[in-house]
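Q: Sequence and computational prediction follow.
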Amino acid sequence: MHSATFIDNIKLIIVKDKNKGGELVASLIQHFLKYKKKSVFGLATGETMIPIYANLKKLYRKRRINFSYVKTFNLDEYIGLNINDKESLRRFMDTNFFDYVNIRKVNIGFLDGKAKDSKKECKKYEKKIEGAGGIDLQILGIGRDGHIGFNEPGSSIKSKTRKVKLSATTKKDNKSFFKLSKVPDYALTIGISNILQAKQIVLIAFGKNKSKAINLAINGKISNKIPASFLRKHPNVTLVLDKSAASQLLKNNK
Ligand code: GLP
């Protein structure tokens with residue numbers, strides 16, 4: 001079992017490594033579904049999420065989890081890409097998760113990076129989330145610069161779903177997902193205000209290169225310089241970290 005502690009109102013769980021972290025978050029989702037079959041999940045992409053989706057697929061193969069009533073909404077998508085492009089975030093979700101479980105295609109919510117009118121697309125997406133009853137559980141990763149979703153430093157706590165310019169750090173970090181083409185300059189993302197509307201939030205980080213952002217998010221000033229710091233304004237946040245990602249945080253909370 002993993003023991004949990006609290007830093008102010010944030011629940012902190014430290015796991016041995018990313019595989020244990022994946023198991024833990026998958027079982028958290030499994031328990032969530034036991035109490036609410038028709039859960040609405042906010043989902044994320046990126047390296048961090050791979051062990052989580054791998055463990056959810058495992059639970060599904062063993063028939064220990066059922067997604068048939070679940071609705072999902074992903075955080076973001078690159079401008080210019082959508083389901084038809086193999087480097088899109090939607091394709092990441094299909095190949096790492098959706099294609100392997102019994103989630104219904106109609107229940108998958110995604111921003112369309114190829115929408116002609118991005119403002120309209122963002123409004124439509126917010127309406128769709130609202131129509132589903134809002135997000136019950138939002139899963140989040142964190143960028144090295146403290147971003148959540150694609151809410152880069154400078155994003156306000158009131159930010160809504162919108163088109164954003166990606167920072168140089170974010171583009172560099174996401175390069176490994178782009179084999180032939182370059183990382184797009186712009187993306188659509190749900191805003192900080194949308195994220196904070198979720199009933200429950202789990203932020204996950206693995207590896208030493210996340211330890212600074214995690215420490216600043218939890219111990220630093222709450223400010224738009226580190227968008228993840230706004231999560232401290234939410235009443236129900238759990239942090240799942242491996243030992244390396246937690247290293248700076250633990251040093252400063254002794
Ligand atoms: C990306 C995504 C985020 C993700 C973060 C960390 O840019 N938009 O949703 O959480 O950066 O990614 P990774 O898990 O690959 O480190």
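A: Everything's here; your move.

Q: Once you drop chain neighbours, what's closest to the closest residue to the ligand within the stretch 51-200 of the chain?
A: Proximity of the stretch 51-200 of the chain to the ligand (Cβ to the nearest ligand atom) peaks at residue 141, 2.4 Å away. Bear in mind the C-beta positions are built from the backbone N, C-alpha and C, glycine included. Nearest residue to residue 141, sequence neighbours excluded (Cβ to Cβ, 6 or more residues apart in numbering): residue 48, at 4.2 Å.

Q: What's the local residue count around that neighbour?
A: Counted with other Cβ atoms under 10 Å, residues neighbouring residue 48 total 25.

Q: which parts of the protein sit against the ligand?
A: Residues of the chain that fall close to the ligand, judged by Cβ under 6 Å from any ligand atom: 44-48, 75-76, 141-143, 149-150, 170, 174.

Q: so what's the backbone phi/psi at residue 220?
A: The phi and psi values for residue 220, taken as degrees, to the nearest 10, are phi -80, psi -170.

Q: need the contact list for residue 207.
A: Contacts for residue 207 (Cβ atoms under 8 Å, 6 or more residues apart in numbering) come out as 18, 242, 244, 245.

Q: follow-up on the earlier one: in this structure the residue of the stretch 51-200 of the chain closest to the ligand contacts residue 50, no?
A: No. Residue 141 is beyond contact range of residue 50, at 10.5 Å (criterion: Cβ atoms under 8 Å).

Q: Comparing those two, which shows the higher neighbour count?
A: When residue 141 and residue 50 are compared for neighbours, residue 141 comes out ahead with 21 against 16, by other Cβ under 10 Å.

Q: confidence score at the more buried one?
A: The model reports residue 141 with a pLDDT of 98.

Q: do the one 3 residues further on as well
A: pLDDT recorded at residue 144 is 95.

Q: would you say it is within a helix?
A: No. Under DSSP: H, G, I helix; E, B strand; the rest coil, residue 144 falls outside any helix and is assigned coil.

Q: Quick one: residues contacting it.
A: Taking Cβ under 8 Å, 6+ apart, we find residue 144 in contact with 169, 173, 209, 210, 212, 213.

Q: so can I have a markdown table of those showing pLDDT and distance to residue 3?
A: What follows is the contacts of residue 144, written out as a markdown table (pLDDT from 0 to 100; distance: Cβ to Cβ, whole Å):
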| residue | pLDDT | distance to residue 3 |
| --- | --- | --- |
| 169 | 91 | 33 |
| 173 | 90 | 31 |
| 209 | 96 | 25 |
| 210 | 98 | 21 |
| 212 | 97 | 24 |
| 213 | 98 | 24 |
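
Q: What about those residues, which are in strands?
A: With DSSP state E as the criterion, strands contain none of those.

Q: does residue 6 count as helix, strand or coil?
A: Recorded secondary structure, residue 6: strand (three-state DSSP).

Q: Nearest residue to it in space, please, no chain neighbours.
A: residue 12 (6.7 Å).

Q: Residue 237 versus that neighbour, what's the distance?
A: Distance of residue 12 to residue 237, given as Cβ to Cβ, to the nearest Å: 10 Å.

Q: ok, now residue 69?
A: Relative to residue 237, and taking Cβ to Cβ, residue 69 is found at 25 Å.

Q: Looking at those two, which has the bigger crowd around it?
A: More neighbours surround residue 237 than the other of residue 69 and residue 237, with 23 against 14 (other Cβ under 10 Å).

Q: about what we covered before: pipe the contacts of residue 144 into CSV and attach neighbour count and distance to residue 89 per row.
A: Formatted as CSV, the contacts of residue 144 follow (neighbours: other Cβ atoms under 10 Å; distance: Cβ to Cβ, whole Å):
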residue, neighbour count, distance to residue 89
169, 15, 18
173, 19, 14
209, 12, 21
210, 25, 19
212, 18, 25
213, 24, 20
